[in-house]
Structure formats: structure tokens, C-alpha cells
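**Student:** how would this look folded up:
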Amino acid sequence: MELVNEGNGYSIEVLKPVAAQSRFEKYVEFFKPGKTPTDPATRTTISKAQAEVYLNSEECRKLLPKMNGILRCSLLVEKDGQLRSLGNGYDEETGYFVDGAQTPAEVGLDQAVEFLTGLLDEFDFLTPGDRSRAIASMLTPALKLSKLIKGPVPVDVAEANASQSGKTYRQKMVAALYNQNIAVVTKKSGGVGSMEETFSDHLVKSRTFIQFDNVRGKLDSQFLESFFTADNGFPARTAYQSQIMVDPGQFIIFISSNGFEAPRDLTNRASIIRIKKREGHQFRQQDGKDDLQMTFELQFVWYGAVLTVIKEWHRRGKPRTNDMRHDMREWCQTLDWIVQNIFHAAPLMDDHEEAKERAANPNLTFLRTLAIAVSEDHQFGQSLTATQLVNFCIEKELEIPGLSEDKQADVDAGRKQMGTIMGRLFGAKSEVKVEGFMVTKGEEIAHTDQGNPQTLKRYTFGLVPKPAPPNPATIPAQPVSAPIPAHQVETAKPNIPRSP
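**Tutor:** The predicted structure is shown next:
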């Protein structure tokens, strides 16, 4: 492969034999022997076939420098227990090529925590655990790419209860901390331009941050599962090229979705971060620039904050908790310690099992997706029959689990399947809660066209009620303390700054 300058930075491209013919001539001269032993050798060029022989030779594989990836920021690496920083250029020991990195700013620890948590003020997380996982998302690339975490790291799954909530925006901001844009993959079926082919192309070109954007329906791909479970190398290829082996550990994978659904194996390898939409909310701007633009503009400051946190964790001896609630234990225990002890946030895996179980249950995921659609259609609080829900799904193009593609628009088949799904979800219960939404089931007696009585089930969607505030009369009286002298009152702390 070779480095190619695309104008806004370098990328990696597989070196084709026809291009190798001229590339080799920059470094060596080729000669062919004379017709007799006494005739002098003459200069020549090599054929495409000969160039291909060289490219596939064992010597080529052994002698050429190994390229692990391209980074747009400096990288901390550990040697003999000490951290050092990689600057611009190629580093033979790590195999990274650093391109366009600025010197990170020196940021104090308290200020670093303030800056990084300030970036999350624009989002309403479903639980404190989701917020802790969002903090971990900002630090994970630095820890993984520097091999301070040697084991695998999870897929960052951004999930929201409505569109335009900022789930993709948050992931873009994570990449911006590292001075990179996200390479996007959209979910398509196989063939040219398919999800797998686009993903493979990003891998070959060393796009460090890769996002599967706005995934709808079940993300079920053996290709992806193989990537996430590969320990050492993963075969990737671009169109009309032979495959090459890439290291899955050199990539940070994002998924954004309003209703993440995946096989159990994939949910076990995910860090699910749920966001609630703020009605009427506009992302803040400063001098006409939003937080994403400001992060790119002052990336060396934000990244300096990331490195300050990593250095503090390293200085304290790289401690870990004993949390066993995620399959990727090294990542989980390392980030759990950091978010609790440096950011004073909730434990990393709090409320994650609920999100994981729901994502692995297609019926619960469907109910949540349906609740979001009903909310966006302003039908909360309305009593809806199974037939009305099926018609709603057809209108909104929501896929009903368990129905074949040719039956999705069949109201009769849909009504029966809707009844089956609701029966499994409710059982003998009258209400089901799923991540902030509540669906209640009621029954009424109706009559068929022939006058026969029948029981109709109706479903009402809404939000889980907030707990009632405590009754002041039940709160025990507190002893009255003496007033604090005015000169001892601490001045209120300013708001978290919008930018460093």
C-alpha cells in the first residue's frame, strides 16, 4: 500500500501492479542482461506481471514498514512504564503515521474534567449510567489506540427516543476530539456499494472512526460479527483488489439508531448510550459556530484535556474496578474507575443491562420504535386497536417483526402478528414499560358485523410518570443551624464554559 495525499490529509490505498511499475523506478533501476556474457546489461522496465510478483513476494511483506493506521493527532505510547508522545510522521515502533497533529495544550485536571463534561451539557441522557458511558466514549480511542487498553473495546451505540436528538452529533464530536471526521456507512443489502463493501473500503483506507449511521431494523451481519470477534487480523478488500489483513483494534466503530436491534453477540460487544430529545432545543452556538465546529477549531485544547485525564489515571498506577458487568472486562473496569474517581460520575455499567436486553429482544425494540412513532404523530394518550396500529405501521413504514416482507402491507396478517407480539409482551400484565415509555392494555366488548360479541384489546402509549414529589408534611424537621457569616459564603461557581 502507499500513502496518498488527498489535499486535506493522507489516506492509504492498495498499490496496484500497474502503478507499482513506475513507483519502483523511483528507488531502483532495472536492467536486463546482454545477449552474450560479454555484452553489457541495458536499462529496462518491468512488466505489470513482474510488478505483481514483487508485490506478492515474501520479501515485500517482511521488509517493508508496517502501517497500522493514520492519525490526525499526537498519540501517547508507553515504554518502560513511561508515557511518551508521538509527533507528526511515521513511527516504526507503533506503525502509525501521524499527519497534521498540533501540540496538545497543557490543561489542569479540574479544568480538563470541566471541559469534557461541558461538551455533554447539550444532551439529555436517559440515566446517569448513559452519561458515564458518554464520558467513556470520549476517552476510549486514546486508551485503545495507544494500547493502554490491550483488549477489545465495545461498539459505541448512540440511541435516541426521537430523530434530531443529537445521537449522531455526539459521535461526531468524539471523532473531532481526535481531529478526525467520521467515515459513514449506511445500511444496504449486499452487492456493489453494500454496507459490507463500504465498511471494508473504509478499513483498507485506514479510516479510524467509522459510523453505521441511522440504522433501522435489525443489524444482523456475519461480516460485522466476524470483524468484532477477530483477535488479530481481519480480511478486508476494496473493489477489484485482493484482500489485505487489517487489525480490528485500530478502529473505533460507532452505530447510531432510534431503535438499535442486534443479535445477542453484538449487544454483548456494545456500549449503548441513550439520549432523550429536548423539545425545541437548538444546539448552542458561540460566535456563529456550534460545539462541533469549536471542537475542531480548538482541538489541541480539547485533546489536551483528554490526555490530562489519561496521564492522571496512568500516574495513579492504571487502577481498575472489579465490575464484571461487560464482556470486555479490561475496557469496562478501566473506564469504570476513571468515570467514578476522576469525573465523580455514576458507575459505568449502571442501567446497561436493561438497554442490552431490550436491544436483543425484537418485540421490545419494536414496541419502543412504535412508541417513538406514536409520540411524533401526537397520539399519546389515545386508545388504539391492533388494526389501527398495523395501519399506522404501514403508513410510517415500520417493519413488524415476524412478518415476511411481502406481508408487511397485509392488514389482516399484520393484525394477527400484532396480537401475537402484544400477547408475548404483556402476558397477564396490563402495562409494559420500555426505556421511558409506558404502554397500557385495556379491553372492551364490541360486536362483529354479524352481531356476535368480541373482545377488543386497546393500547395506550405514553411516558412513564415521574415520581410524585415528597409530601412536606412527611419530611422530618431539621435542626436550625446558625447563619453563615457573609464573609465565609463561597462565591457561586461559574457555568461550565462553552469552549476552552
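**Student:** Who's the closest spatial neighbour of L3, skipping the chain neighbours?
**Tutor:** Among residues not flanking L3 along the chain, Y10 sits closest, at 4.9 Å (C-beta to C-beta, 6 or more residues apart in numbering). Just so you know, the C-beta spots here come from the backbone N, C-alpha and C atoms, and that holds for glycine as well.
**Student:** For that neighbour, grab phi and psi.
**Tutor:** According to degrees, to the nearest 10, the main-chain angles of Y10 amount to phi -90, psi 150.
**Student:** Would you map out the domains in this protein?
**Tutor:** Here the domain parsing of the chain from automatic domain parsing is 2-64, 109-359, 362-463.
**Student:** I'd like the average pLDDT over the shortest one.
**Tutor:** When pLDDT is averaged over domain 2-64, the result is 89.
**Student:** try the second one
**Tutor:** Over the span of domain 109-359, the pLDDT mean works out to 88.
**Student:** tell me how far that domain is from the chain's mean position?
**Tutor:** 3 Å (C-alpha atoms, centre = their mean, to the nearest Å).
**Student:** Contacts for the helix or strand harbouring Y90, please.
**Tutor:** Using DSSP states H and E, Y90 sits in strand 89-91. Residues outside strand 89-91 that contact it (C-beta atoms under 8 Å, 6 or more residues apart in numbering): 65, 77, 96-98.
**Student:** Could you pick out the buried ones from these?
**Tutor:** Using 16 or more other C-beta atoms under 10 Å as the burial test, the contacts of strand 89-91 include 77, 96-98 as buried.
**Student:** among the residues you listed, which two are most distant?
**Tutor:** Pairwise distances across those (C-beta to C-beta) peak at 14.1 Å, for the pair V77 and F97.
**Student:** For E159, give me its contacts.
**Tutor:** By C-beta under 8 Å, 6+ apart, the contact set of E159 is 167, 256-260, 272-275, 355.
**Student:** Which members of the residues you listed are positioned in strands?
**Tutor:** Judged by DSSP state E, the subset of these located in strands is 256-257, 272-275.
**Student:** closest to F437 among the residues you listed?
**Tutor:** Checking the ones in strands among the contacts of E159 against F437 with C-beta to C-beta, the nearest one is R274 at 11.9 Å.
**Student:** Bridging across strands, which residues link to the closest one?
**Tutor:** Counting by DSSP bridges, R274 is bridged to E159.
**Student:** Output stretch 232-239 in PDB with nothing but the alpha carbons.
**Tutor:** Output of stretch 232-239 as PDB, limited to C-alpha atoms (Å, rounded to 0.1, in the frame of the first residue of the first chain):
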ATOM      1  CA  ASN A 232      -5.500 -10.500  15.300                       C
ATOM      2  CA  GLY A 233      -6.300  -9.900  11.600                       C
ATOM      3  CA  PHE A 234      -9.400  -9.400   9.600                       C
ATOM      4  CA  PRO A 235      -9.500  -9.800   5.800                       C
ATOM      5  CA  ALA A 236     -10.700  -6.600   4.000                       C
ATOM      6  CA  ARG A 237     -10.800  -5.700   0.400                       C
ATOM      7  CA  THR A 238     -11.900  -3.000  -2.000                       C
ATOM      8  CA  ALA A 239     -13.400  -3.500  -5.400                       C
END
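**Student:** residues making contact with that stretch?
**Tutor:** By C-beta under 8 Å, 6+ apart, stretch 232-239 touches 14, 192, 197, 200-201, 203-204, 226-227, 243-248.
**Student:** The residues you listed in helices, which ones?
**Tutor:** Counted as lying in helices by DSSP state H, out of these, are 197, 200-201, 203-204, 226-227.
**Student:** Give me the buried subset of the residues you listed.
**Tutor:** In the ones in helices among the contacts of stretch 232-239, burial by neighbour count holds for 197, 200-201, 203-204, 227, counting by 16+ other C-beta under 10 Å.
**Student:** would a markdown table of those residues with distance to Y90 be doable?
**Tutor:** Shown next, in a markdown table, are these (distance: C-beta to C-beta, whole Å):
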| residue | distance to Y90 |
| --- | --- |
| E197 | 29 |
| S200 | 24 |
| D201 | 23 |
| L203 | 20 |
| V204 | 18 |
| F227 | 26 |
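**Student:** of those residues, closest to A176?
**Tutor:** Comparing those against A176 with C-beta to C-beta picks out L203 as the nearest, at 21.1 Å.
**Student:** measure that closest one to Q388 for me?
**Tutor:** Per C-beta to C-beta, to the nearest Å, L203 is found 45 Å from Q388.
**Student:** Then S200?
**Tutor:** S200 is 43 Å from Q388, where distance means C-beta to C-beta.
**Student:** cool, and R325?
**Tutor:** Distance of R325 to Q388, given as C-beta to C-beta: 40 Å.
**Student:** How many neighbouring residues does E395 have?
**Tutor:** 10 (other C-beta atoms under 10 Å).
**Student:** need the contact list for A41.
**Tutor:** Contacts for A41 (C-beta under 8 Å, 6+ apart) come out as 31-34.
**Student:** on that earlier part again, given the strand holding Y90, what are its sheet partners and their directions?
**Tutor:** Sheet pairing of strand 89-91 (DSSP bridges) gives strand 96-98 (antiparallel).
**Student:** next helix or strand past the partner strand?
**Tutor:** Next along the chain after strand 96-98, taking DSSP H and E as the criterion, comes helix 109-118.
**Student:** tally of neighbours for H344?
**Tutor:** Neighbours around H344, by other C-beta under 10 Å: 9.
**Student:** typed the wrong thing, it's D265
**Tutor:** Neighbour count for D265, taken as other C-beta under 10 Å: 12.
**Student:** Mind checking the domains of the chain for the one nearest to R72?
**Tutor:** In terms of C-beta to C-beta, the element of the domains of the chain nearest to R72 is domain 109-359, at 3.8 Å.
**Student:** Among the ones in strands among the contacts of E159, name the buried ones.
**Tutor:** Buried subset of the ones in strands among the contacts of E159 (neighbour count, 16+ other C-beta under 10 Å): 256-257, 272-275.
**Student:** okay, these in a markdown table with distance to A409 next?
**Tutor:** Formatted as a markdown table, those follow (distance: C-beta to C-beta, whole Å):
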| residue | distance to A409 |
| --- | --- |
| S256 | 28 |
| S257 | 24 |
| I272 | 31 |
| I273 | 34 |
| R274 | 31 |
| I275 | 32 |
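**Student:** Restrict stretch 258-271 to CA atoms and write it as CSV.
**Tutor:** The C-alpha coordinates for stretch 258-271 follow below in CSV (Å, rounded to 0.1, in the frame of the first residue of the first chain):
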residue,chain,number,x,y,z
ASN,A,258,-33.5,5.3,17.0
GLY,A,259,-34.2,1.6,17.8
PHE,A,260,-31.0,-0.5,18.0
GLU,A,261,-31.7,-4.2,17.5
ALA,A,262,-29.0,-6.7,17.1
PRO,A,263,-28.1,-10.4,17.9
ARG,A,264,-27.1,-11.1,21.4
ASP,A,265,-23.4,-11.5,20.4
LEU,A,266,-23.3,-7.9,19.1
THR,A,267,-25.2,-6.4,22.1
ASN,A,268,-22.6,-8.1,24.4
ARG,A,269,-19.9,-6.1,22.5
ALA,A,270,-21.7,-2.8,22.6
SER,A,271,-21.7,0.2,24.9
